[in-house]
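Participant: give me the fold of what follows.
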Amino acid sequence: MKPFVPSFPIHCYQKGYNGNVLFYNIKDRLLYLTIFSTQAKKYGIKTLAINLMFNHVHFLVRCKDKETLILFNATTQQMFARDQNSYIHSRGKWFMKTFGWAQKKSDKDIRTCYCYINNNAVEKQLYTNAAKDPWTLLSYYQNPHPYSGLLTENRSSAAMRQALKEVRYAFYSDNYINLTMLDRFSQSLTQEELLKIKDYIISLYCPIVFEEANRYFGSVNNLLLACNVSSGSEYEIKEDWDGPSDKPYLEMIRSITNSGYSLSDKSFIKNRKELLNMIRILLKDTHASPVMIGRFLHQRVHASPSVQELRACAE
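Facilitator: Have a look, this model is predicted:
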């Protein structure tokens, strides 16, 4: 059993059940982030870095003891799974029960871990640098609206003012933003307003203590510079290998959406009658491997079948 020292940061790696995709759209990520933020506050977790990938999550935190860390992570998982299943009328598992963790005990290891977490999507060829990845939250440092225009509440529509009121009420009541609320926003707000409410939610709920970056890098800007010259490394936590790029997940999202399936109600992971049709579509339209297709559709692929075998199964 690994020793736990309260004063040292802990790198945690939590993957989806059987490596399945966790986040199909912005609403899924906002749900997880706001749950993470409220539970971190409840359990006294100090967040140094976070990154939400398609089928796993990385975060670097400080915590008073191992038991609190386990409880915090389990509660966050359970709340996310419960809200997803309630919204899409399902009973599926969303996270692996166990999670990987490793404490970083030297300043060098901590800096390396910062870079590793923040560069995860860069290494998967989704962004050119860590600052452009919205789910590291680094772009929200000193800028509450990096992806939308300035929010002027008294000039906003009635629907936007109501949405802001609901978000603030949830935040100050130590509640997360659930999928039903986010769905209601999607139906009542314009695309421009949706960008603004996304930025507002992330800025309000952002759990990162940016002052910690000052301690190890001198400033957040220095952290970004360090990420640009070093991808970081992690030798203590074993991660699943999906391949060199996560771009096929983006291709599958576009393909499924263009085929008329909803990323919100996730009919493509519930409708078993349509499974073979969805496999045909994804094989035809994307560069995803059979394993990635299985993870996208929440179907466990045991022996990594070839594309030809999977295509034959779908015919």
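
Participant: quick one: the helices in the stretch 51-200 of the chain?
Facilitator: Under the criterion DSSP state H, counting those that start in this stretch, the stretch 51-200 of the chain contains helices at 66-88, 107-118, 120-123, 158-172, 179-188, 191-205.

Participant: would you mind getting the angle between the longest one and helix 179-188?
Facilitator: What that stands for is helix 66-88. 50 degrees (axes from the mean of the first three to the mean of the last three CA atoms, to 10 degrees).

Participant: keeping just the C-alphas, turn helix 66-88 into CSV.
Facilitator: Output of helix 66-88 as CSV, limited to C-alpha atoms (Å, rounded to 0.1, in the frame of the first residue of the first chain):
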residue,chain,number,x,y,z
LYS,A,66,-6.5,9.3,1.8
GLU,A,67,-9.9,8.4,3.1
THR,A,68,-11.2,11.9,2.3
LEU,A,69,-9.8,11.7,-1.2
ILE,A,70,-11.5,8.4,-1.8
LEU,A,71,-14.8,9.6,-0.5
PHE,A,72,-14.6,12.8,-2.5
ASN,A,73,-13.9,11.0,-5.7
ALA,A,74,-16.6,8.3,-5.1
THR,A,75,-19.2,10.9,-4.3
THR,A,76,-18.3,12.9,-7.4
GLN,A,77,-18.6,9.8,-9.6
GLN,A,78,-21.9,8.8,-8.0
MET,A,79,-23.5,12.2,-8.4
PHE,A,80,-22.5,12.4,-12.1
ALA,A,81,-23.7,8.9,-12.8
ARG,A,82,-27.0,9.4,-11.0
ASP,A,83,-27.8,12.7,-12.9
GLN,A,84,-26.8,11.2,-16.2
ASN,A,85,-28.9,8.0,-15.7
SER,A,86,-31.9,10.0,-14.4
TYR,A,87,-31.7,12.4,-17.4
ILE,A,88,-31.4,9.7,-20.1
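
Participant: mind listing what's buried in that helix?
Facilitator: For helix 66-88, a neighbour-count test (16 or more other CB atoms under 10 Å) marks 66, 69, 72-73, 76-77, 79-81, 83-84, 87-88 as buried. All C-beta spots, glycine's among them, are computed from the backbone N, C-alpha and C.
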